[in-house]
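K.L.:
Just need the structure, nothing else, for what follows:
(one chain, ligands or ions: 1)
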Amino acid sequence: MQENFSRTGVTRFNEWRQTSSRALVLAGRRAADAPKCLSRRGTARAFRVPPARRRCFAPRSRRRRRRGRHVAREAPDPSVGDTRKGSAMSGTGQRVVVTGGAGGIGAAVVARFVAAGARVMVCDVDASRAAALAESLGQPDQVGACELNATGVESVRNMVSTVAEAWGGADVLVNCVGIMGERPAPVSLIDDADWGRIIDTNLTGPFYCMKYCYDLLKVSHSPVIVNIASRMGLKASPTMPAYVASKHGLIGLTKAAALDLAPEGFRVNAVCPGPIATLMLESSPGLAAKISTSVPMERIGTPEEVAEAVFWLAAPESAFVTGTALSIDGGLSA
Ligand SMILES: NC(=O)c1ccc[n+]([C@@H]2O[C@H](COP(=O)([O-])OP(=O)(O)OC[C@H]3O[C@@H](n4cnc5c(N)ncnc54)[C@H](O)[C@@H]3O)[C@@H](O)[C@H]2O)c1
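P.N.:
The predicted structure follows:
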């Protein structure tokens, strides 16, 4: 009887091992341990690894990492700024990296943080526009500019080094980088190169920036990442499959990172703008006017309205918000 059960238990364990992510933890154990553990309890619950033991199955390096970087989970007191590592007080003293910062929404985000007293690094593939924006907005020690091609690892690493040299770390990363693609086409007709370019810029670019800015952000008292996705990250359009896929992917990436990094005190969110009056929209003739008729609020939005939401997501007022995709679309997604 016991033997039969053990065999069933082992079979079920093997099935579970293939499908459960927790199996990855167990897979690191000596094979002999697993059946012993299962046959002892004799119920479905036997598959659960007790919390204390689960911890001890994690690789030693990861245990050390978690312990070292864990941030206390008390809600921050919004009346008290942290002057040691850059204050989280509504922009003041925050060190903010904005990728795609020279664009329509990016420039509004940069201006919003600068107005609140933050230090901002404008990072963009268009280096001269980034430099001109930085110059127009503030003192060189408050606003800097940096050339960045978000689709290239080397370029992203250079940007990280520039920020590390300037500030020693960062509190906020805002990924505004993105392109729409010039030739809307359905799945069967989309150009392969267009597909690659859009996915690289809109999804892989923000991914590289999140990945390589991690070391900059982890020294912050309240690290925040905000990704500019799109309404098309929540709802599809038949003629823009690459853009739709990239923005759905970016929202998925945002949620995965939010879960991964929450124990370390990071907050990771996305905003999903509807049609916004920037060059990206205005580059398609007649598009803005056409789209505005379908918006419940009967207008397109402004970059400043998106920037305000980004600013709030980076502020202590939204301290309990992570893993969300916030629509800013005049009711389009309602
Ligand atoms: N404008 C809209 O209606 C709208 C709606 C929803 C979402 N969005 C999203 O908002 C973000 C900003 O859009 P926008 O309207 O300000 O567009 P924009 O074209 O004005 O700005 C995009 C910026 O990204 C930069 N950029 C492009 N490729 C880059 C790269 N590889 N590396 C670094 N920088 C790069 C561009 O130089 C530009 O400054 C985008 O992600 C876009 O998808 C825009």
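K.L.:
Distance of Val122 relative to the ligand?
P.N.:
9 Å (C-beta to the nearest ligand atom, to the nearest Å). The C-beta positions use only the backbone N, C-alpha and C, and glycine is treated the same way.
K.L.:
got the contact list for that residue?
P.N.:
The neighbours of Val122, taking C-beta atoms under 8 Å, 6 or more residues apart in numbering as the test, are 98, 101-102, 106, 110, 130-131, 133-134, 143-146.
K.L.:
Can you tell me the SS state at it?
P.N.:
Classification of Val122 by DSSP: H, G, I helix; E, B strand; the rest coil places it in strand.
K.L.:
who does it bridge with?
P.N.:
When bridges are called by DSSP bridges, Val122 pairs up with Val98, Ala145.
K.L.:
any idea of the pLDDT on it?
P.N.:
At Val122, the model reports a pLDDT of 98.
K.L.:
Please apply the same query to Glu182.
P.N.:
Glu182 is assigned a pLDDT of 75 by the prediction.
K.L.:
Kindly report the same for the one 5 residues further on.
P.N.:
Per-residue confidence at Val187 stands at 96 (pLDDT).
K.L.:
returning to that earlier point: contacting the ligand as well, which ones from the contacts of Val122?
P.N.:
Within the set of these, contact with the ligand (C-beta under 6 Å from any ligand atom) is found for 102, 106.
K.L.:
pull the longest helix from this protein.
P.N.:
When the chain is parsed with DSSP state H, its longest helix is helix 241-261.
K.L.:
is any part of it close to the ligand?
P.N.:
No. Using C-beta under 6 Å from any ligand atom, helix 241-261 stays clear of the ligand, coming no nearer than 6.8 Å.
K.L.:
Give me the buried positions along that helix.
P.N.:
Residues of helix 241-261 classed as buried: 241-251, 253-255, 257-258, 261 (neighbour count, 16 or more other C-beta atoms under 10 Å).
K.L.:
Skipping its backbone neighbours, what lies nearest the spatially most central residue of the chain in space?
P.N.:
Nearest to the geometric centre of the chain sits Thr254, at 3.9 Å (C-alpha atoms, centre = their mean). Leaving aside its sequence neighbours, Thr254 sits nearest to Ala270 (C-beta to C-beta, 6 or more residues apart in numbering; 4.3 Å).
K.L.:
So which residues on the stretch 201-334 of the chain come close to the ligand?
P.N.:
Selection of the stretch 201-334 of the chain residues close to the ligand by C-beta under 6 Å from any ligand atom yields 201, 205, 228, 230, 273, 275-276, 278-281.
K.L.:
Among those, give me the pair with the biggest separation.
P.N.:
Among those, the pair separated by the greatest distance (C-beta to C-beta) is Gly205 and Pro275, at 21.9 Å.
K.L.:
Among the two, which residue is more densely surrounded?
P.N.:
Using other C-beta atoms under 10 Å, the more surrounded residue of Gly205 and Pro275 is Gly205, with 27 against 22.
K.L.:
Any figure for the gap between the more buried one and Met159?
P.N.:
Separation of Gly205 from Met159 (C-beta to C-beta, to the nearest Å): 11 Å.
K.L.:
any common contacting residues for those two?
P.N.:
Shared contacts of Gly205 and Met159, counting by C-beta under 8 Å, 6+ apart, come down to Thr99.
K.L.:
Enumerate the beta-bridge partners assigned to the residue nearest to Thr254.
P.N.:
Following DSSP bridges, Ala270 is listed with bridge partners Asn227, Ala325.
K.L.:
pLDDT score for it?
P.N.:
We note a pLDDT of 99 for Ala270 in this prediction.
K.L.:
OK, contacts around it?
P.N.:
Shown in contact with Ala270 (C-beta under 8 Å, 6+ apart): 226-229, 233, 250-251, 254, 324-326.
K.L.:
State the helix or strand in which the closest residue to Leu287 other than its chain neighbours lies.
P.N.:
Nearest residue to Leu287 in three dimensions, chain neighbours excluded: Leu281, at 6.0 Å (C-beta to C-beta, 6+ apart). Counting by DSSP states H and E, the element that carries Leu281 is helix 279-282.
K.L.:
try Ala236
P.N.:
In the assignment (DSSP H and E), Ala236 maps to no helix and no strand.
K.L.:
Confirm for me that it is in contact with Val244.
P.N.:
Yes. Counting by C-beta atoms under 8 Å, Ala236 touches Val244, with 4.7 Å between them.
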